[in-house]
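Participant: Test case, fold it:
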Amino acid sequence: MQEYRKIIHVDMDAFYASVEQRDNPSLKGKPVIVGGEPDSRGVVAACSYEARKSGIHSAMSSARAYRLCPQAVFLPPRFDVYHAVSQEIMEIFCTYTDCVEPLSLDEAFLDVTVNKKGIALATRIAQDIRAQIRQKTLLTASAGVSYNKFLAKAASDFDKPDGITVVTPERALSFIANLPIRKFYGVGKVTEARMYSLGIKTGADLMTTPREDLIRGFGKTGEFFYHIARGYDPRPVVAERERKSIGKEVTLSEDTDDVDLITGIIADLSRRVSRIMKQESLTARTVTLKMKYHDFQSITRSITRRSPVHDPDTIIREALLLLKDTEAGAKKVRLLGVSLSHFPDNDRPAGKYIQLLLPFD
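Facilitator: Just a heads-up that it's a prediction; the model follows:
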């Protein structure tokens, strides 16, 4: 008899916006947008479900979000608060298993095949976790339970918000067959269009597409699509390890050559990375800008400084200098990322302190 892993994917519901609605009850039921001001170059970091009904989504320019929903409440991000709430949630996960793979502040994979409480049913663990999150944080989470990461993540998105979906091995193929192709891991707007051009609109279509056609159309990723269409995903849940880099990236819902929008997104990503660096008391010497063009060509541009950095203004300045060495504007962009690496903090002996370089007038 085949042994299956027990994987849970937990995804908080509209996390940043839900924290804001929790902390300010007058915002409940209203469209809430966390991000830049409507009259700035800022972008939407997150939004409530009420705002999503107007077509608003993350990485959209705040100006466009305002045009779609002028009655929305715009709030600046409070990353210190979100990080603190995330820590509470991660502590709940770790009472069940140490095999926790955080994907961001608001979602994680858990492998509960062997768990600290000896609970046989992964579904019961997922129910207990969701109940504890609600009790401790007053927030809701959706969960997917299955035997691999692809299915668990797809399941967690199936019944949002505040839902739980279980995909057993017996149900896997029928679940996959009915998934819209956009719900597959690795399929964004451009890949979806390419899939449609091949007549692939659902998991059922993907199942009947020959492996050779997928590899010819999507390279190595085509092999991955072939396997997950059959419910096969051997990727393990990898517990958090010491970071070699810290970064944030976003895939845009629409490819863009708008340099002002690109600049605003890079600034927003830089601020988010800076916030994490500050929370983890880290500095870094290398700033990297990642970009993927509309034709799927990926590039990175990096600069290594003599002095370490963690403040947002310097990160933004370096990232925008790197932007000048790209084809953004001449070519449309579909993904942007900013990361920091080469942490001098990691090299110091335990118990020692690092002297931060401070600006003097």
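Participant: And for residue 236, the neighbour number?
Facilitator: Residue 236: 13 surrounding residues under other C-beta atoms under 10 Å. (Each C-beta comes from the backbone N, C-alpha and C, glycine too.)
Participant: Next: residue 171.
Facilitator: 15.
Participant: Pull up the gap between it and residue 129, please.
Facilitator: Per C-beta to C-beta, to the nearest Å, residue 171 is found 21 Å from residue 129.
Participant: Kindly report the same for residue 110.
Facilitator: 8 Å.
Participant: repeat for residue 159
Facilitator: From residue 159 to residue 129 the distance is 16 Å (C-beta to C-beta).
Participant: More neighbours: these two, which one.
Facilitator: Shown here are residue 159 and residue 129; by other C-beta under 10 Å, residue 129 has more neighbours (22 against 13).
Participant: Would you list the phi and psi of the more buried one?
Facilitator: Dihedral angles of residue 129 (phi, psi; degrees, to the nearest 10) stand at phi -60, psi -50.
Participant: List the contacts of it.
Facilitator: 8, 10, 92, 93, 96, 110, 141, 143 (C-beta atoms under 8 Å, 6 or more residues apart in numbering).
Participant: and the closest residue to residue 188 other than its chain neighbours, bridged to which residues?
Facilitator: Spatially, and ignoring its direct neighbours in sequence, residue 188 is nearest to residue 251 (5.2 Å; C-beta to C-beta, 6 or more residues apart in numbering). On DSSP bridges, the residues paired with residue 251 through beta bridges are residue 335.
Participant: please renumber so the chain begins at 283
Facilitator: Sounds good: first residue 283 from here, last item residue 533.
Participant: Next, find the distance separating residue 533 from residue 618.
Facilitator: From residue 533 over to residue 618 (counting by C-beta to C-beta), the distance is 9 Å.
Participant: Can you show me the helices along this structure?
Facilitator: 297-305, 331-334, 344-350, 361-376, 404-419, 431-438, 454-459, 471-479, 485-489, 493-500, 502-510, 541-561, 594-605 (DSSP state H).
Participant: Buried deepest among those helices, which one?
Facilitator: Comparing the helices of the chain by mean neighbour count (mean count of other C-beta atoms under 10 Å), helix 431-438 comes out on top with a mean of 25.
Participant: care to break this protein down by domain?
Facilitator: 283-450, 452-517, 527-629 (automatic domain parsing).
Participant: got the ones you listed as CSV, with mean pLDDT columns?
Facilitator: As requested, those are arranged in CSV below (pLDDT from 0 to 100):
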stretch, mean pLDDT
domain 283-450, 94
domain 452-517, 94
domain 527-629, 90
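Participant: what residues are up against residue 354?
Facilitator: 312, 313, 314, 315, 329, 333, 336, 338, 347, 348.
Participant: Now render those residues as TSV, adding distance to residue 602.
Facilitator: Below are the contacts of residue 354 laid out as TSV (distance: C-beta to C-beta, whole Å):
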residue	distance to residue 602
312	34
313	31
314	29
315	24
329	26
333	29
336	31
338	26
347	23
348	24
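Participant: for those residues, which one is nearest residue 419?
Facilitator: Closest approach to residue 419 among the contacts of residue 354 (C-beta to C-beta): residue 314, at 17.0 Å.
Participant: residue contacts, that closest one?
Facilitator: 299, 302, 303, 329, 330, 332, 333, 354, 355, 357 are the contacts of residue 314 under C-beta under 8 Å, 6+ apart.
Participant: give me that answer again for 10 Å
Facilitator: By C-beta atoms under 10 Å, 6 or more residues apart in numbering, the residues touching residue 314 are 296, 298-303, 306, 328-333, 354-357.
Participant: One more: residue 447?
Facilitator: 291, 405, 408, 424-428, 433-434, 436-441, 453, 457.
Participant: same thing but at 6 Å, please
Facilitator: By C-beta atoms under 6 Å, 6 or more residues apart in numbering, the contact set of residue 447 is 426, 437, 440, 441.
Participant: now, which of these sits nearest residue 470?
Facilitator: residue 440 (19.0 Å).
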